[in-house]
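**Student:** need a structure here:
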Amino acid sequence: MAGLLGKMSGWVSPASALRRAQQLVEEGKRAEAFPLLAKAANAGIAEAEYLVGRAYLEAGGVPRSTTEAARWLEKAATSGYVAAQSLLGAVYLHGVVIPPGGETGAAAEALFGAPATAPAAPDWERAASWARRAAEAASGDGQALLAYILTNGPESMRDLPQAEDWYRKSAEANSPQGQLGYAMALLRRAKAPEEYTPGAEYLAKAAESGLGTAQYLLGVLTDHGQGVPQNVARAADLYRQSAEKGVRAGQARYGAMLLHGRGMPRDLQEGESWLRKAALAGDPEAAAVIGEVYTRGGELPPNYAEAASWFRRAADLGHGGAARALGNLHLVGAGVPRDAAEAARWFRISAQAGDTQARYDLSALVLQGKGAPEDSVRTREWFEQQATAGDLVAAYNYGICLAEGVGVERDEQQAVQWLRRAADGVVNAQYWYGRMLAEGRGGPQNVEEGRAWIAKAAHAGMIDALVALAEMLVNGRGGKRDHAEALTHFLRAANHGHVGAMFALGALYGGGHDVPWDRPQAEKWFRAAAERGHAHAQMMIGRYLARGLAGTQDVVGARVWLQKALAQGLKDAQGDLDALPAAPVPTPELDGAAQRRTG
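**Tutor:** Residues are numbered from 1 along each chain as shown. Sure, this is the predicted structure:
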């Protein structure tokens, strides 16, 4: 029977073959349809030539081949088949395969011969030529394609007013691509809220046709209430529709809305899944958000190694914030090796991408003597430029660079001027300006005014300023002595982890000051500082334990702490060690047999 049908197909006329092929395509039997389409196409039927070209583009019953597709489409287009003209323009626009050494005659002969390995660059001229023929024949798709070329083609071909006119004609012909293009043209020039409405209406039509990009853009308008009533739930659904069609931005937005429960119930797992799809498709913001999810923890446990991999992906795509986050992970060794040089490298990348905070992070490393040598000059230049433009935070940082000689010759006179300028609005600058005045750096010494600026920073909560002011209150530099107030400031700083303040509290509570002495409190704070590596605190806790000053004597513990202080170079601890009673020499216990012999 199969053989009989094969013989009978040879008797079918080209027109009948085309009709039968179209029926088979509708039934989903594209492989069976293709031989019949080829028969009709070889007979010169333009519609069949067009359908064969589409079959090669879509791999419909035959292996995909752009070369063969363009060859058949050009046959149909040359015969005046409008749909083929429009589609052929799109093929030229997206690049066609040119054989090595191809001639420049007729398009089919010049562009299609032996298959090549890579597509050529878009042929804007030929794409425009075929698109214009289709557009002038009232093809909505051709009009949209021509408008796209006039908008996005080489500078010499661009004509935005003409493009908008073709988009309008295409939209009026109910082409979804035309509706999308015309909507974007209208939205681009919208300023007042009511001017967004016409563009939103055309966008809605394109979205109803199932165009994923239109669904995403309409979602953005609906999310923000531009041209349409604000409706977060509706926006979420539009993002979902575009996401399911593979629109990367839609996947990212939909994932973020699931993550935060905007417009729908919160679903962290599903949100992370959509964000992951967008990130793997190249969306840097989605990759950065996933990194944040894994650093924050919560429903998903913190996973810093996973976070680092997503931050790196986002940073490689140019996301400045992700590069800075990766630098911070390297700074503390979370999920990646602790490496200040690598942290500086990522801060540098982030700063170059425009992240302002990364500049300050990098400068902090530079001031600690870390980072590459060129970072000193680079950070100084950044701060100088911003400071000159009136940025007070940059003025503070530039002042520090001048004071410490970071990336520039040390110039304390200039440093004082910049720090004074920044002190009007930056707490750290108030502290540094106060220090410079009190120490007479960069100008005449003025301890009283210096103390006033340090006090201003301390009252704003700056920890280093609290400690500096407390020290001045203890020794009476620049004003009255007030040990009780100093104690309050030291306590506040110590509770924020300042080791020097912990040692100072031990000294104040230990006696000899205008506050009631409290040896147990003194021992407590000396121990807190000693455990954090403060050498003098280690010596003091050793003395307290050796003499039982807080009520408990512990010679063994005293020896341990005094040896730690001595190991840090504090030679005064040696005298305290020498004064300790000699440690008893342990005697080995006799085993059972020895005990019996002794008995």
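**Student:** C-alpha from now on. contacts and neighbour counts both.
**Tutor:** Fine.
**Student:** wait, residue 491 touches residue 501, no?
**Tutor:** Yes. When contacts are counted by CA atoms under 8 Å, residue 491 is listed as touching residue 501 (7.1 Å).
**Student:** so between those two, which is more surrounded?
**Tutor:** Using other CA atoms under 10 Å, the more surrounded residue of residue 491 and residue 501 is residue 501, with 28 against 21.
**Student:** residues contacting the helix or strand hosting that one, please?
**Tutor:** Mapping residue 501 onto the secondary structure by DSSP states H and E places it in helix 499-509. Identification of contacts with helix 499-509 by CA atoms under 8 Å, 6 or more residues apart in numbering yields 467, 487, 490-491, 493-494, 515-519, 521-526, 528-529, 532, 534, 536-537.
**Student:** which PyMOL command selects the buried ones in these?
**Tutor:** Buried subset of the contacts of helix 499-509, written as a PyMOL selection, criterion 16 or more other CA atoms under 10 Å:
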select buried, resi 467+487+490+491+493+494+515+517+519+521+522+523+524+525+526+528+529+534+536+537
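**Student:** which ones among the contacts of helix 499-509 lie within helices?
**Tutor:** By the criterion of DSSP state H, membership of the contacts of helix 499-509 in helices covers 467, 487, 490-491, 493-494, 519, 521-526, 528-529, 536-537.
**Student:** where does the stretch 151-300 of the chain dip in pLDDT?
**Tutor:** In the predicted model, the stretch 151-300 of the chain carries pLDDT under 70 at residues 297-300.
**Student:** need the helices for it, in chain order.
**Tutor:** In the stretch 151-300 of the chain, helices defined by DSSP state H, counting those that start in this stretch lie at 160-172, 176-188, 197-208, 212-224, 232-244, 248-260, 268-280, 284-296, listed in chain order.
**Student:** just want the angle from the shortest one to helix 232-244.
**Tutor:** Helix 197-208 runs at 50 degrees relative to helix 232-244, counting by axes from the mean of the first three to the mean of the last three CA atoms, to 10 degrees.
**Student:** show me what helix 197-208 packs onto, helices and strands only.
**Tutor:** Other elements packing on helix 197-208 under the criterion 3 or more CA pairs under 8 Å, 6 or more residues apart in numbering; DSSP states H and E are helix 176-188, helix 212-224.
**Student:** count of neighbours near residue 224?
**Tutor:** With neighbours defined by other CA under 10 Å, the count for residue 224 comes to 15.
**Student:** enumerate every residue touching the residue lying closest to residue 256 once chain neighbours are set aside.
**Tutor:** Leaving aside its sequence neighbours, residue 256 sits nearest to residue 271 (CA to CA, 6 or more residues apart in numbering; 6.2 Å). Counting by CA under 8 Å, 6+ apart, residue 271 makes contact with 254, 255, 256, 257, 258, 259.
**Student:** kindly report the same for residue 326.
**Tutor:** Contacts of residue 326 were listed using CA under 8 Å, 6+ apart, and they are 308, 311, 312, 343, 346.
**Student:** run the last query once more with 10 Å
**Tutor:** The neighbours of residue 326, taking CA atoms under 10 Å, 6 or more residues apart in numbering as the test, are 291, 304, 307-312, 314-315, 320, 334-336, 342-343, 345-347, 350.
**Student:** so it: helix, strand or coil?
**Tutor:** Following DSSP: H, G, I helix; E, B strand; the rest coil, we place residue 326 in the helix state.
**Student:** so where do the strands sit in the protein?
**Tutor:** Assignment of strands within the chain using DSSP state E yields no ranges at all.
**Student:** what stretches of it score poorly on pLDDT?
**Tutor:** Confidence mapping of the chain against pLDDT under 70 gives the ranges 1-11, 95-120, 297-300, 583-599.
**Student:** any idea how far residue 343 is from the residue positioned nearest the centre of it?
**Tutor:** With distances taken as CA atoms, centre = their mean, the chain has residue 322 as the residue nearest its mean C-alpha position (3.0 Å). Computed as CA to CA, to the nearest Å, the residue 322 to residue 343 distance reads 12 Å.
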